[in-house]
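Asker: Sharing a model prediction with you, sequence too.
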Amino acid sequence: MESEAVLLQVRDGALAGVGAWVYAWLRVGATRPVVYVGSTGVPPVVRTWLHLNDTDPDIGRVIARYPDAAHEPLDVLAFPVPDTLSRPAVKSALVDQLEARALLSERYVGDQPALLTGNGQAAQAATDMVEQIVAHLRTASA
């Protein structure tokens, strides 16, 4: 069996080249599917694992706030945030746009929408992310 190595670079005591991310947790097959939106500076797979497995409710937020995550089918879509944009601004814009499109679940457990997002670069990045979420939902339900 052939395996491929994964290179993780640690520079100055931190993971290098990880970037910034926003991500959405989606209930598979739901009309209003988004149960959580988050942002992170660690690889999304690590953050997802922490959401499900860390017993500290400030770290394992999804499992603490949405216990059905332990048995319900969920998809997590993660999007890189360009270095030129603020991760919190993109996250906020994404939550706002998901709410405006009626995609936040009635069981949504993340930061509440502010609906104050302008039309700047963060809003455009969020619009692109919403379109990818909608496309994923179409594919997942087909």
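Answerer: In hand now; what should we look at? Numbers count the residues shown, from 1 in each chain.

Asker: Spatially nearest residue to E99, not counting backbone neighbours?
Answerer: P113 (4.0 Å; CB to CB, 6 or more residues apart in numbering). C-beta: built from backbone N, CA, C; applies to glycine.

Asker: mind checking the backbone torsions on the residue nearest the centre of the chain?
Answerer: The centre of the chain sits closest to Y23, judged by CA atoms, centre = their mean, with a distance of 1.2 Å. Main-chain torsions, Y23, degrees, to the nearest 10: phi -150, psi 150.

Asker: for it, what are its contacts?
Answerer: V37, G38, S39, T40, P44, R47, T48, V76, L77, A78, F79 (CB atoms under 8 Å, 6 or more residues apart in numbering).

Asker: so the residue nearest to E99 sits right up against D96, yeah?
Answerer: Yes. The criterion here is CB atoms under 8 Å, and P113 meets it with D96 at 4.8 Å.

Asker: Can you list the low-confidence ranges for the chain?
Answerer: The chain contains residues with pLDDT under 70 at 1, 116-119, 142.

Asker: Which strands or helices does the longest helix anywhere in it pack on?
Answerer: Assignment by DSSP state H gives helix 121-141 as the longest helix of the chain. Secondary-structure packing of helix 121-141 (3 or more CB pairs under 8 Å, 6 or more residues apart in numbering; DSSP states H and E): strand 20-27, strand 74-81, helix 87-100.
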